[in-house]
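Q: what follows is a predicted protein model with its sequence.
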Amino acid sequence: MRLYPLVLIFVISMLITSCASIVHPTATIVSTSTPIVVSTVASPVVEPTPIPEPAPTVPALTYSEQDLQCMTENLWYESRGEGDVGMAAVGYVTRNRSRAKGFPSTICGVVHHRTSVKGRMFCQFAWVCNKPVIKNWSNYYHVREIARHVLEGSIHNPVGNSLYFHERSYRPRFAKASNYVATIGNHRFYTAP
């Protein structure tokens, strides 16, 4: 007969627990008359992994080993500290120029393009005039992979049809609000004025 009240208390506590878990899923019921503790714990909420947006299709560019070398050097000197997106942005500007009027039609031609203004020689990319030498090869092969992906069009193009860029601290004549595209890292990108 003594067992009956304990069973009744247990059944009632189970009913209360199931009702409490409906109202508050992390409720804990402790029975004071018996040492039975019933606890319900809510299962963790798992957020779905977002599906990345596909990269816009950019047609592959026919390129030579020399073009790959020129693109790699340009990314190395112009944007190696800007991360993969910054390097891709500079790479796409270089690539866009090779397909635009007023620029050479090859990657190496674009990279090494020089202009004479009032008898003074200017390079499209400052490092070309300075003729530096790569001294630290630690990230060179990673930069080369980014260059290859840009030439193949297999990496996201963050700057669209941009043909120009400059450091944020500098404000050249071509930089107008009407042709501004994006700021990535330390560079601002623009389409043709």
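A: Received the coordinates, thanks.
Q: OK, contacts around Ser178?
A: Pro193 (C-beta atoms under 8 Å, 6 or more residues apart in numbering). In short, each C-beta sits where N, CA and C put it, glycine included.
Q: helix, strand or coil for it?
A: State at Ser178, reduced to three classes by DSSP: H, G, I helix; E, B strand; the rest coil: helix.
Q: next one: it from Pro172, what distance?
A: Using C-beta to C-beta, to the nearest Å, Ser178 is found at 15 Å from Pro172.
Q: check Ser79 too.
A: Going from Ser79 to Pro172 by C-beta to C-beta gives 17 Å.
Q: over to Gln69?
A: 28 Å.
Q: the more surrounded of these two?
A: Legend: neighbour count by other C-beta atoms under 10 Å for Gln69 and Pro172, higher for Gln69 (15 against 12).
Q: next up, the contacts around that one.
A: So, once contact is read as C-beta under 8 Å, 6+ apart, Gln69 ends up touching Cys108.
Q: just confirm it is within a helix.
A: Yes: per three-state DSSP, Gln69 lies within a helix segment.
Q: stretch 125-144: end-to-end distance?
A: For stretch 125-144, the first-to-last residue distance is 18 Å (C-alpha to C-alpha, to the nearest Å).
Q: buried residues in that stretch?
A: Across stretch 125-144, burial judged by 16 or more other C-beta atoms under 10 Å covers Phe125, Val128, Val143, Arg144.
Q: residues making contact with it?
A: Contact partners of stretch 125-144, identified using C-beta under 8 Å, 6+ apart, comprise 68, 72-78, 80, 87, 111-112, 114, 121-123.
Q: walk me through the domains of this protein.
A: The chain breaks down by automatic domain parsing into domains covering 3-39, 65-190.
Q: just the strands in this structure please.
A: 28-30, 37-39, 114-117, 120-123, 164-167, 180-184, 187-190 (DSSP state E).
Q: relative to Arg99, which of those is closest?
A: Within those, the stretch nearest Arg99 is strand 164-167; the backing value is 14.5 Å (C-beta to C-beta).
Q: give me the helices and strands touching the closest one, please.
A: Contacts defined by 3 or more C-beta pairs under 8 Å, 6 or more residues apart in numbering; DSSP states H and E place strand 164-167 against helix 83-98, strand 187-190.
Q: CA atoms only: put the longest one into CSV for me.
A: What follows is helix 83-98, C-alpha atoms only, in CSV (Å, rounded to 0.1, in the frame of the first residue of the first chain):
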residue,chain,number,x,y,z
GLY,A,83,44.0,39.2,-49.8
ASP,A,84,42.5,37.0,-52.5
VAL,A,85,39.6,39.3,-53.3
GLY,A,86,41.9,42.3,-53.6
MET,A,87,44.3,40.4,-55.8
ALA,A,88,41.4,39.1,-58.0
ALA,A,89,40.1,42.7,-58.3
VAL,A,90,43.5,44.0,-59.6
GLY,A,91,43.8,40.9,-61.8
TYR,A,92,40.4,41.6,-63.4
VAL,A,93,41.3,45.2,-64.1
THR,A,94,44.4,44.0,-65.9
ARG,A,95,42.4,41.5,-67.8
ASN,A,96,39.7,44.0,-68.6
ARG,A,97,42.3,46.4,-70.0
SER,A,98,43.6,43.7,-72.4
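Q: since that was my last question, I'll sign off now.
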